[in-house]
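Q: build me a structure from this.
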Amino acid sequence: MSEILKLENINYSYIDGGYERQILKDLSYSFEEGKFYTVLGPSGSGKTTLLSIIAGLDTPNSGEIYFDGKNIKEIGLHKYRRNAISIVFQQYNLISYLTALENVMLAMSETDNPLPKDRKNVAYNLLARFGIVKSKADRMVNQLSGGEQQRVAIARSLASNVNLIFADEPTGNLDTATEKEIIAIFKELSHEFSKTIIVVTHSDTVSAMSDQRVLLRDGKLSEIQ
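A: Numbering: from 1, shown residues only. Next up, the predicted model:
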């Protein structure tokens, strides 16, 4: 597998009560294409901060991030976020006054990546692949169950044809059976669509199903064998 995302000597700290708190310290790690990763670590270890940095939503104090061999600063953070990544949130972050279909089609309109011309049918087919049939795709998302909304969010993340999909505790609000179904979808995305999936989680169930578990502790990442 080829390297798709490289972190090089990332440092991140902030001032808390007059003291500097170091969250990430000379952190270096490489993520491969088509692989499903889970990031584990104690509460307060900086997992969400790390996700924000590699998603280009926050910037490190020092260090570099490379996507497909190019520094994301040179790509441009806006362009990187628009065309390289999607984020799946625990709270889904769907637009409640739109249908499931419209949420997915909106994501298609917000990227410069090449997409098929018949976007409506593509969106329907994408939702159907993840268990959202046409009758449900035409409903307002707030009329769907939590598990169904998360499936819509995953379909939306794939709709813009990006290479990197990040998720922050994406199954935190779901029951165990639905959690396993959602994680199976992530695994399918990584292996069948060659997407790199990086999930921050506290769940042993989620981490056990990933290709590679990575531990964030004392500001650094290390692989769990």
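Q: going by C-alpha atoms from here, please, whenever you check contacts or count neighbours.
A: OK.
Q: for the host helix or strand of residue 206, buried residues please.
A: According to DSSP states H and E, residue 206 maps onto helix 204-208. For helix 204-208, the neighbour count (16 or more other CA atoms under 10 Å) marks 206-207 as buried.
Q: cool, and stretch 159-172?
A: 159-171.
Q: ok, now stretch 175-186?
A: In stretch 175-186, counting by 16+ other CA under 10 Å, buried: 178-180, 182-183, 185-186.
Q: now stretch 212-225
A: Using 16+ other CA under 10 Å as the test for burial, stretch 212-225 gives 212-217, 219-221.
Q: try stretch 135-152
A: In stretch 135-152, counting by 16+ other CA under 10 Å, buried: 136-137, 139-142, 144, 146-152.
Q: quick revisit: among the buried residues of stretch 175-186, which ones are in strands?
A: Among the buried residues of stretch 175-186, none falls in strands (DSSP state E).
Q: now do the helix holding residue 206: distance to the chain's middle.
A: 16 Å (CA atoms, centre = their mean, to the nearest Å).
Q: helix or strand right after that helix?
A: For helix 204-208, the following helix or strand on the C-terminal side (DSSP H and E) is strand 212-217.
Q: what helices and strands are in contact with that next one?
A: Under the contact criterion of 3 or more CA pairs under 8 Å, 6 or more residues apart in numbering; DSSP states H and E, strand 212-217 touches strand 36-40, strand 220-224.
Q: dump those strands into JSON lines; add distance to residue 25 and mean pLDDT as well.
A: Shown next, in JSON lines, are the helices and strands packed on strand 212-217 (distance: least, CA to CA, whole Å; pLDDT from 0 to 100):
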{"stretch": "strand 36-40", "distance to residue 25": "16", "mean pLDDT": "96"}
{"stretch": "strand 220-224", "distance to residue 25": "6", "mean pLDDT": "94"}
